[in-house]
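J.: Let me see the structure of the following:
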Amino acid sequence: MVATCLHLAGFVCSFIGWIGVVVATATNDWVVTCGYTITTCRKMDELGSKGLWADCVMATGLYHCKPLVDILILPGYVQACRALMIAASVLGLPAIFLLITVLPCIRMGHEPGAAKYRRSQLGGILIILLGKEPAVCG
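T.: The predicted structure follows:
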């Protein structure tokens, strides 16, 4: 019973982590720029933010974003972070599917336990790689 609960808790944490990577890839709040404190900048409408996909400025209640579409003028670290975050997002899907198939409540035919164990190892390795890729950008 304890092993089943640990297996299920590990899967849920892995799934939430993968969803977090997908959301972090899409957001534009990677770097918040401000000459003063954040609250002062919000009052003076001088708050800006940068992400992998756009540079945004908040001015007078409006939130204006300029997309970063010209890939040749982007710095190398932004291009590398884009590639790593997309790779992590894509790598998470097969990892989650592998981990779903090895849950104790799911049986696929008359497979031996060794095959299920190998799939769980592969899914775990993919999840670890998924966690390491975005850590390079941050």
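J.: residue nearest the centroid of the chain?
T.: Closest residue to the average C-alpha location of the chain: Val21 at 0.9 Å, with CA atoms, centre = their mean.
J.: Which residues are in contact with the closest residue to that one other than its chain neighbours?
T.: Sequence neighbours aside, Ala88 is the residue nearest to Val21 in space, at 5.2 Å (criterion: CB to CB, 6 or more residues apart in numbering). (Glycine included, C-beta is placed from N, CA and C.) By CB atoms under 8 Å, 6 or more residues apart in numbering, the contact set of Ala88 is Val21, Thr25, Leu129, Leu130, Glu133, Pro134.
J.: And those residues, which is closest to Pro104?
T.: Leu130 (22.5 Å; CB to CB).
J.: Can you point out the helix or strand that includes the closest one?
T.: Here Leu130, judged by DSSP states H and E, is contained in helix 113-137.
J.: measure Cys137 to Asp29 for me?
T.: In this view, Cys137 and Asp29 are 14 Å apart by CB to CB, to the nearest Å.
J.: Tell me which of the two has more neighbours.
T.: Cys137 (18 against 10; other CB atoms under 10 Å).
J.: how much space is there between the more buried one and Ala95?
T.: Taking CB to CB, one finds Cys137 at 19 Å from Ala95.
J.: now swap in Ile19 and tell me
T.: Taking CB to CB, one finds Ile19 at 13 Å from Ala95.
J.: Helix or strand: which one has Gly10?
T.: helix 2-26.
J.: which SS class is the residue of the chain most remote from its centre?
T.: Distance from the C-alpha centroid of the chain, by CA atoms, centre = their mean, peaks at His110 (35.2 Å). With DSSP: H, G, I helix; E, B strand; the rest coil as the basis, His110 sits in coil.
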